[in-house]
Structure formats: C-alpha cells, structure tokens
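Visitor: 3D model of this:
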Amino acid sequence: MKNSKILILAFIGVIVIVALVASSYLFNAKGSIFVDSFPQGSSVYLDGTLKGNTPLTINNLDFGEYEIQVKHDGFRTFTKTVSLSRSKSKITVIANLEHVTFVLQVSSYPTEAEVYVDGVKKGLTPITINDLSLGEHFVEVKKDNFTTWSQKIDVNEYKVIQLFANLQATSGTINVDSTPSGAVVLLNGKNEGITPVTVQNLDAGTYKLVLQLKGYAPYSETITLNKGETVNRNITLKKASTVLTIDSKPTGAEIFLNGKDMGKTPYKTINIKPGTYKVEIKKDGYLPYNTQITVVKGKPANFVFPLLKLPSSNNP
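Guide: Reported below is the predicted structural model:
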C-alpha cells in the first residue's frame, strides 16, 4: 500500500514537471525573420519601425503577423506581410527591388556647357546624372555664344541614356588686356571700356581694335572673328617719346601736315617723327592759316592757332 502511494506521488510529480516545461515552451516561444535584398544596404522596416539594413536578421519576435518594408533610394518600396508561428518560427524574405530611376549621361561640343533637366541646372558637360525618375524629361544644353540644344526623352525602365549635344556657334568674344592696364578699348570706333575688358556677343566679321592710354603710343590692329571663337589679346603698350597737339580757335578746322589731310582740330598724335612740318589750317568763313612748326624728340609740342574771320559778303 505504501509503495502504491509512492508511485502515485512520483507519477504526479512527473506530470507537474512536464506541464511546467510545456507551459514555459508555450509562453516563451519566439521567432525570427531574415531579410535580404538587391541591392543590399537597403533599409528594413518592421511594422513601420526601422530595424537596420540588409542583410538583416530580426530575432525574439512573438508569433503573429508582421509587415516587412524594404526601401532604397532610386528603387520602388518592397512590401510583404509574413506570419510567424510555432510551425514556422523562422522566415526568410528576399526583396528584389525595382528601379524607379535611370542614368542620364550628357556630353557636348564644345565641353563645359550647362545641362538643365526640366529647367533645373544639373552641372557642366560631360556629366552623369544618376537620380532621374522614370518618365518624361526635357533636357537642355546651353553655352554662351552658342544656340541652345534641347531634346525630350521618355524612359519607362532602368537604363543608361547617352546624349550628345553638338552646339552651333552664334557669336564671338574678344578679351583685351594691356600692360599697363587702364587703356581705353575701341572696337570699330566704339568705346568698350578700359582694360582688362571682355566684349561678348559679337557678330562674326572684321574688327579694328584700338588701345589708347595717356603717355603711351596708341595701339591698333585688325581682328577677324569667327562664330563661336574667343580671341584673346594681351598688349604691351609703348611709352610715347614725342607728343604733338594742334588746335584752332574756333575748333573744327581742317588741318594739313606737309600737305597731308590729318582731319580736324583738335588734333593729337604720339611718337611723331622729330623735324619741321608745314601746317595749313582751313575753315569756312575764316582766313586760311599757314605756318611752320618744329617737333623735338622727347618734348611735347602744343600749338593753338587763332583764325581770322572773313568779312561777311552782305556788308556794303
């Protein structure tokens, strides 16, 4: 009888231990989810909470339903719902992400042209743009003195699009500098400022370049400018050794040196050859003036000649 009671107690003890172990198993069971993707390094969200980047194992999850999201810049978000259970406590999720962007490569002739996509400047050619969304886009390539190049593209899958813009020149540029600086720059007689100066948007053709600086001999040359061309000139001016100025009262009279027409007064020339010159000054309504002058090297020669007014023909 005593042995029977011992066996019964032992049996009950075993049942209690089994029950405790089973209860612990039932209430403490956990699961895990392994997530990988292409491309790797994508962000993993579990029920909206960021858990890390792929490849990633999320452990100690209660049994139940979870929403997995995998995100990566330039790719469509991957979403999947999974259920962890005692019979399926380890789940693997592989996210093969789909591109939502494409690659655009733009080059041009000439290079270093500005690239605009949908009106937004992206940089200078040659350029690679990696983050353009699928769909329609308007591409423009611009450069000073060239026509704008443009093209509409429509991309519906990930690919590399290559565009080449052959820009057509519309005008030219002349850059002028001098030593010393501060010289007046004339192009075809028009004052363009003082050196250093850049004159843009010039039509193709021939231009007479003149530089003038007090105390220095004037410089002149003829420049032929082509479309799209940039002409650079850096000119060293020569100091003037002899300066001759001739004026009249009143001004605006014709002036002749040794019989050569030099224009109208006031007249100025630099680095004139030293010597004796015959001067003749003429103006309507005034008596012609004739004289001789001497120019000495290294010395300024300044002359002002008064003109005598002729009697009016209406006087008695």
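
Visitor: give me the residues contacting stretch 111-123.
Guide: 104, 106, 124-127, 129, 132, 137-143, 146, 165, 167 (CB atoms under 8 Å, 6 or more residues apart in numbering). Any C-beta I mention is one placed from the backbone N, CA and C, and that applies to glycine too.

Visitor: one more time with 10 Å
Guide: By CB atoms under 10 Å, 6 or more residues apart in numbering, the residues outside stretch 111-123 that reach it are 104, 106-108, 124-129, 131-132, 136-144, 146, 148-150, 153, 163, 165, 167.

Visitor: pull out the buried members of the residues you listed.
Guide: 104, 106-108, 125, 127, 129, 132, 137, 139-143, 146, 149, 163, 165, 167 (16 or more other CB atoms under 10 Å).

Visitor: in strands only, show me those residues.
Guide: Of the buried ones among the contacts of stretch 111-123, the ones assigned to strands by DSSP state E are 104, 106-108, 127, 129, 132, 137, 139-142, 149, 163, 165.

Visitor: of those residues, closest to Leu50?
Guide: For these, the closest approach to Leu50 (CB to CB) belongs to Leu132, at 26.6 Å.

Visitor: settle this for me: the closest one is touching Ile153, isn't it.
Guide: Yes - shown here, Leu132 and Ile153 form a contact pair, counting by CB atoms under 10 Å, at 9.1 Å.

Visitor: now for the two: what residues contact both?
Guide: Common neighbours of Leu132 and Ile153 (CB under 10 Å, 6+ apart) are Phe102, Leu104, Val117, Val139, Ile161.

Visitor: secondary structure element for the nearest residue to the fourth one once chain neighbours are set aside?
Guide: Put plainly, it is Val139. Nearest residue to Val139 in three dimensions, chain neighbours excluded: Gln151, at 5.2 Å (CB to CB, 6 or more residues apart in numbering). With secondary structure defined by DSSP states H and E, Gln151 is part of strand 149-155.

Visitor: just to be sure, Ile15 is in a strand?
Guide: No - checked against DSSP: H, G, I helix; E, B strand; the rest coil, Ile15 lies outside a strand; its state is helix.

Visitor: shift numbering so it begins at 22
Guide: Got it, the first residue is 22 from now on, which makes the last one we talked about Ile36.

Visitor: that one: neighbouring residues, count only.
Guide: A count of neighbours around Ile36, defined by other CB atoms under 10 Å, yields 10.
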